[in-house]
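S.K.: predicted coordinates and the sequence they were generated for:
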Amino acid sequence: MSDKVKVIAGLLIVFIILSTPFWFKGKKVDHTPVIAPEAKKAGECVLSKEYMKREHMQILDVWRDTVVREGKRVFTNDKGKSYEMSLSNSCLKCHTNKKEFCDKCHNYASVRPYCWDCHIEEPNEKESK
């Protein structure tokens, strides 16, 4: 009889472990970034919204290399509008809340970008040393 209890308990534990993903399947996690009022007011980003969602890290890498290696600081998009190639002085002027804009998606995707190794999170705050 004691073996019967152990077998049933074991089967119950295995069932619970294997069915756990189905319990949490219906729960949605909101990873949509919060768009700052400044970004809404601007009405457009450097490039299209869809493109920026997909390629923003590649754009930032190209900007970094262009500024550091070639000394060029101005990006002109396909509409002819010019922007300073700067995370702090261009991107963060519209996307002001790093926690709600950047971190929300990066945490969802388990991505740890190295941007913040050099750039301060709030461009208007001064580093205190």
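M.R.: Yep, that arrived.
S.K.: and the longest helix anywhere in the chain, how far from the chain's centre?
M.R.: As assigned by DSSP state H, the longest helix anywhere in the chain is helix 2-24. Taking C-alpha atoms, centre = their mean, to the nearest Å, one finds the center of helix 2-24 at 38 Å from the center of the full chain.
S.K.: quick one: average confidence on that helix?
M.R.: Averaged across helix 2-24, pLDDT comes to 87.
S.K.: which element follows that helix toward the C-terminus?
M.R.: helix 37-42 (DSSP states H and E).
S.K.: low-confidence ranges in the chain?
M.R.: Low-confidence segments of the chain (pLDDT under 70): 1, 25-31, 121-129.
S.K.: what do you get if the cut-off is 50, keeping everything else the same?
M.R.: By pLDDT under 50, the low-scoring segments of the chain are 125-129.
S.K.: and Val46, how far from Phe22?
M.R.: Using C-beta to C-beta, to the nearest Å, Val46 is found at 42 Å from Phe22. All C-beta atoms are positioned from the backbone trio N, CA, C, and that covers glycine.
S.K.: the two: who's more crowded?
M.R.: For Val46 versus Phe22, neighbours defined as other C-beta atoms under 10 Å are more numerous around Val46 (19 against 8).
S.K.: so that one: helix, strand or coil?
M.R.: Assigned state for Val46: coil (three-state reduction, DSSP: H, G, I helix; E, B strand; the rest coil).
S.K.: any idea how many residues pack against the nearest residue to it once chain neighbours are set aside?
M.R.: Excluding the flanking residues, the one nearest Val46 by C-beta to C-beta, 6 or more residues apart in numbering is Tyr83, at 5.3 Å. For Tyr83, the neighbour count with other C-beta under 10 Å is 18.
S.K.: for the helix or strand hosting Tyr83, name the packing helices and strands.
M.R.: Per DSSP H and E, Tyr83 falls inside strand 82-84. In terms of contacts (3 or more C-beta pairs under 8 Å, 6 or more residues apart in numbering; DSSP states H and E), strand 82-84 is packed against strand 74-76.
S.K.: tell me which other helices or strands the strand it packs on touches.
M.R.: strand 82-84.
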